[in-house]
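Pasted the sequence and its predicted model underneath.
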Amino acid sequence: MSHLKSSPSVMYPKAIVIKKAPRIVVGRPYDNQTPFAALFNSIYDAAIITDDEGWVMDVNAQAQQMFAYTEEELRELNITNIIAGTNEDLLKMICKNIDAEKHTLMEGKCVRGDRSSFLAEIAVGIERMPPSNGPCFFVRDITQRKQAQNYLLTLRNAFQNAATGILVTDLEGIILFSNSRFLELIGCDPDQDVTGHHLQSFFSDESVITNVMATISDLKSHTTEFSVLDPDTSEHIHIKITGALNRDATDSVTGMVFIVEDITQQKQIAVMQELTTRRELEAAEVKTRLQTMSTLGYEFNNPLQSLLSMAEKDKLGDYKREITRLIDIVQKLHMGEELNQIVDKDGSIRYDLKLPAENQKPSAVRSILVAEDEKLIRDIFVQFLQLSFDDITVECAADGRQALEKFFDGHHGLIIMDSMMPIVNGEQAYDEISAYCERNNWQMPHIIFCTGFMPTEKIAGIIGSGAQHALLPKPVRQSELVEAVGKFLA
């Protein structure tokens, strides 16, 4: 039977306007009782058979459920009413692909009967479907898939842009995934692809990572710390790496995941807090000592005055000088002047007033401390010094904290100090040395600062006229080093 059919423009959304055109409907294209009908209705995707102009000829049960139309309602529609973006040109291209035995696969938005929409993957087969001789569209709702893809993309961007390094390996330590921050922290190009490389190969000391991998267990992760050299600034970066087992959706162990963090700033803050706490404790101790000594000074004053009178009466000059000195000390204690702590060779501690410079404990004049974090430079400096000077002893320190510990133990007469050192830099080390010498009435050592940058205002102020301290620009030449050291040794 011949009749006219059009797509209503009010009830159904349309991507384009389909002109009214006559078409012949030859009953139901397929008999529901045939094996094909059962197969057609068991397809997971929504299946829609149209003629070559896009008019719906037949649909399966999944299409009715997916598009929220009855079978009869779908038969009244054109494919352009339910798949947004389809038009006459697209239908021609699809039919052309079918004739060339090519599948057509596309993604788009589909519209339901209630005007809601969903994202879909649409495949068109390579055979024209009789009796309409048109294409068959297979529609799959991919809304959840797209949501999962977007979620994974968000996670991937978060991993790539994380402030910490993130690394995933298999159980043998072969890298499966790494973000750019990890590569930055170990001194590699952030754009470098390290997939397939062994994690240990990026560390000169392979035991650092081997120990982490060997210690990871089902119950706990493992953390270790180490330092690497920044090639841009030549400064040490302190790294903390934490490893744990990685599991899949079935809770099976598939490998390991590592979190790599730059803790340089935390280390520096911790050192400064430690120094501040030490100063506060020392200040509190000094205050307590002063209060005690002031009280003792008041109590001792009168007996000492009596002893002085007796010494004058008996004309005991030596006794008089010592008693006069004691009285002077007691009077200064009573005025609250600060005492210095003196540690004797046997470890006992005593206190005395700050004495004139000629009474300061002298430094070990021919003892030199080289404080430099670069081992090669340290070795070169030591070689220069030992070849150029006789009867000297040279000690080395790899960072500022080690330099302080060695100076407090050895009281060197000369320190060659790198201004940019890890943990405690040259300026901070100078402040600690200066304060320690003042508290303990030690002679201040000569310091030769070495730097590859413009000296700070503070270092320039410390050097002053160069009578006590000096500055050598890096790279340091042998002649310059020998000349500066020789000046202070003389």
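In hand now; what should we look at? All figures in this text were calculated on a predicted structure; none of them were measured in a lab.

contacts, neighbours, all on C-alpha from now
OK.

Show me which residues of stretch 391-401 are buried.
Judged by neighbour count (16 or more other Cα atoms under 10 Å), stretch 391-401 contains these buried residues: 393-401.

One more: stretch 186-199?
Buried residues in stretch 186-199, counted by 16+ other Cα under 10 Å: 186, 190, 194, 199.

Go ahead and confirm the first one touches residue 201.
No - using Cα atoms under 8 Å, residue 186 makes no contact with residue 201, being 11.2 Å away.

ok so, going back, from the buried residues of stretch 186-199, pick the one nearest residue 425.
If you rank the buried residues of stretch 186-199 by distance to residue 425 using Cα to Cα, residue 186 comes first, at 22.4 Å.

Tell me how many other residues surround residue 130.
Neighbours of residue 130 under the rule other Cα atoms under 10 Å: 13.

do the same with residue 483
Residue 483: 12 neighbours (other Cα under 10 Å).

What is the nearest of the buried residues of stretch 391-401 to residue 69?
residue 399 (77.2 Å).

got the contact list for the closest one?
If a contact means Cα atoms under 8 Å, 6 or more residues apart in numbering, then residue 399 has 371-373, 421-425 as its contacts.

at 7 Å what do you get?
371-373, 421-424 (Cα atoms under 7 Å, 6 or more residues apart in numbering).

what's the spacing between residue 100 and residue 127?
10 Å (Cα to Cα, to the nearest Å).

In the stretch 201-350 of the chain, what residue spans correspond to strands?
Secondary structure of the stretch 201-350 of the chain (DSSP state E, counting those that start in this stretch): strands located at 222-229, 236-247, 253-262, 339-343, 349-353.

Could you take the ones you listed and lay them out as TSV, with extra columns for mean pLDDT and mean neighbour count?
Converted to TSV, the strands of the stretch 201-350 of the chain look like this (pLDDT from 0 to 100; neighbours: other Cα atoms under 10 Å):
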stretch	mean pLDDT	mean neighbour count
strand 222-229	76	15
strand 236-247	84	19
strand 253-262	87	20
strand 339-343	56	18
strand 349-353	53	13
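
Which of the ones you listed sits closest to residue 460?
Here strand 236-247 is closest among the strands of the stretch 201-350 of the chain (Cα to Cα), at 24.4 Å.

Using CSV, write out every CA atom in that closest one.
Listed next in CSV are the C-alpha coordinates belonging to strand 236-247 (Å, rounded to 0.1, in the frame of the first residue of the first chain):
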residue,chain,number,x,y,z
HIS,A,236,72.4,18.9,46.7
ILE,A,237,68.7,18.0,46.7
HIS,A,238,67.4,15.8,49.5
ILE,A,239,65.0,13.1,48.3
LYS,A,240,62.6,10.9,50.2
ILE,A,241,61.3,7.8,48.3
THR,A,242,58.5,5.7,49.6
GLY,A,243,57.6,2.3,48.0
ALA,A,244,54.6,0.1,48.4
LEU,A,245,53.0,-2.9,46.6
ASN,A,246,50.7,-2.1,43.7
ARG,A,247,47.5,-4.2,43.3
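
related to what we said a few turns ago, redo the buried residues of stretch 186-199 as a markdown table? Include pLDDT, secondary structure and distance to residue 135.
Conversion of these to a markdown table gives the following (pLDDT from 0 to 100; DSSP: H, G, I helix; E, B strand; the rest coil; distance: Cα to Cα, whole Å):
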| residue | pLDDT | secondary structure | distance to residue 135 |
| --- | --- | --- | --- |
| 186 | 72 | coil | 57 |
| 190 | 76 | coil | 49 |
| 194 | 85 | coil | 47 |
| 199 | 83 | helix | 53 |
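
Of all pairs in those residues, which one is the farthest apart?
Counting by Cα to Cα, the most remote pair of these is 190 and 199, 15.7 Å apart.

residue ranges with poor pLDDT in the stretch 1-150 of the chain?
Across the stretch 1-150 of the chain, the ranges flagged by pLDDT under 70 are 1-35.

if I look at residue 277, how far off is residue 271?
10 Å.

The two - which one has more neighbours?
Counting neighbours by other Cα under 10 Å for residue 277 and for residue 271 shows that residue 271 has the greater number, 15 against 12.

Without its sequence neighbours, what residue ends up closest to the more buried one?
Of all residues not flanking residue 271 in the chain, residue 423 sits nearest, at 6.9 Å (Cα to Cα, 6 or more residues apart in numbering).

Would you agree the one you found is in contact with residue 400?
Yes - contact between residue 423 and residue 400 holds when scored by Cα atoms under 7 Å: they sit 6.2 Å apart.

Give me the nearest residue to residue 242, chain neighbours excluded.
In space, residue 242 is closest to residue 223, 4.3 Å off (Cα to Cα, 6+ apart).

so residue 134 bridges to which residues?
residue 129 (DSSP bridges).

for it, what are its contacts?
Shown in contact with residue 134 (Cα under 7 Å, 6+ apart): 49-52, 128.

most neighbours, which of the contacts of residue 399?
Top of the contacts of residue 399 by neighbour count (other Cα under 10 Å): residue 371, with 28 neighbours.

measure that one to residue 424 for me?
Applying Cα to Cα, the value for residue 371 to residue 424 is 11 Å.

Same question for residue 171.
39 Å.

Give me the nearest residue to residue 488, chain neighbours excluded.
Nearest non-adjacent residue to residue 488 (Cα to Cα, 6+ apart): residue 446, at 6.9 Å.

which residues touch the one you found?
By Cα under 7 Å, 6+ apart, residue 446 lies in contact with 413-415, 468-469, 488.

Next: residue 401.
Going by Cα under 7 Å, 6+ apart, residue 401 touches 423-424.

repeat that for 8 Å
423-424, 429.

May I have the distance across stretch 384-395, first residue to last?
Stretch 384-395: ends 13 Å apart by Cα to Cα.

for stretch 130-142, that is, sorry about that
End-to-end span of stretch 130-142 (Cα to Cα): 29 Å.

can you pull out the helices in the stretch 351-490 of the chain?
375-388, 400-410, 426-440, 457-463, 478-489 (DSSP state H, counting those that start in this stretch).

Same question for the stretch 1-150 of the chain.
Applying DSSP H, counting those that start in this stretch to the stretch 1-150 of the chain gives helices spanning 35-42, 61-67, 71-74, 79-82, 88-99, 143-160.

Turn those helices into a markdown table, columns for mean neighbour count and distance to residue 175.
Formatted as a markdown table, those follow (neighbours: other Cα atoms under 10 Å; distance: least, Cα to Cα, whole Å):
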| stretch | mean neighbour count | distance to residue 175 |
| --- | --- | --- |
| helix 35-42 | 14 | 44 |
| helix 61-67 | 19 | 43 |
| helix 71-74 | 16 | 53 |
| helix 79-82 | 24 | 47 |
| helix 88-99 | 16 | 43 |
| helix 143-160 | 13 | 15 |
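
one step back: tabulate the buried residues of stretch 391-401 (CSV), appending pLDDT and distance to residue 379.
Converted to CSV, the buried residues of stretch 391-401 look like this (pLDDT from 0 to 100; distance: Cα to Cα, whole Å):
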residue, pLDDT, distance to residue 379
393, 93, 14
394, 94, 11
395, 94, 11
396, 95, 9
397, 94, 11
398, 92, 11
399, 92, 14
400, 91, 17
401, 92, 19
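
quick check, nearest of those to residue 152?
residue 399 (44.1 Å).

ok, how many other residues are close to residue 129?
17.

And residue 243, how close does it get to residue 428?
Distance, residue 243 to residue 428, by Cα to Cα: 34 Å.

Perfect, that will be all.
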